[in-house]
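A.B. asks: Provide a 3D model corresponding to the input given below.
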Amino acid sequence: MEPSSLYSVEQVAERLGLHVRTVRKYVRDGRLKAVKVGRRYRITREDVEAFTGLPLPPTARESAVRHRRVEVSSIVGIDAVDPETARRVVALLTAAAAGRGADGPPLRVETAYDEERAHMKVIVLGGPAETARLLEYVNAVVEP
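C.D. replies: Okay, the predicted model is just below:
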């Protein structure tokens, strides 16, 4: 049995929005199944779910592990960019970011263009595959 699936009386009370004394009373009355480890009760996730009749929502930690995501931060500097090419890059990235699927992490794109220096910065934050796709688009537009 995984240690994360065992809860203390205090944790069960917090997760169910009950007072600790109430949970202890349920355990003592036999309404909520628990095992005594040392001087403390431990309650399994399954027993809490059987008691409530509902699935127990995951803790923040459990949720983070189950829904781990990877995010990439990329900053691209492009020299010798004329205003028209800069506008094309911005339009392409805006359309690509808006048209992506909703199944991955959010995709954020920021651009800045300094016409006097003919320099452009592109910042992309998102999942590795989506970021790579956008960077390929940038490369295709700016490569001669």
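
A.B. asks: break this structure into its domains for me.
C.D. replies: What automatic domain parsing lists as the domains of the chain is 3-66, 72-142.

A.B. asks: what would the ones you listed look like in a markdown table with mean pLDDT?
C.D. replies: Below are the domains of the chain laid out as a markdown table (pLDDT from 0 to 100):
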| stretch | mean pLDDT |
| --- | --- |
| domain 3-66 | 86 |
| domain 72-142 | 88 |
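
A.B. asks: now the strands: where do they sit in the chain?
C.D. replies: 6-8, 35-37, 40-44, 72-78, 108-114, 119-126 (DSSP state E).

A.B. asks: would you list those in CSV and tack on mean neighbour count?
C.D. replies: The C-beta positions use only the backbone N, C-alpha and C, and glycine is treated the same way. Listed next are these as CSV, based on neighbours: other C-beta atoms under 10 Å:
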stretch, mean neighbour count
strand 6-8, 18
strand 35-37, 10
strand 40-44, 18
strand 72-78, 14
strand 108-114, 15
strand 119-126, 19
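
A.B. asks: Val23 is nearest to which of those?
C.D. replies: Within the strands of the chain, the stretch nearest Val23 is strand 40-44; the backing value is 8.2 Å (C-beta to C-beta).

A.B. asks: which elements pack onto the closest one?
C.D. replies: strand 6-8, helix 9-16, helix 20-29, strand 35-37 (3 or more C-beta pairs under 8 Å, 6 or more residues apart in numbering; DSSP states H and E).
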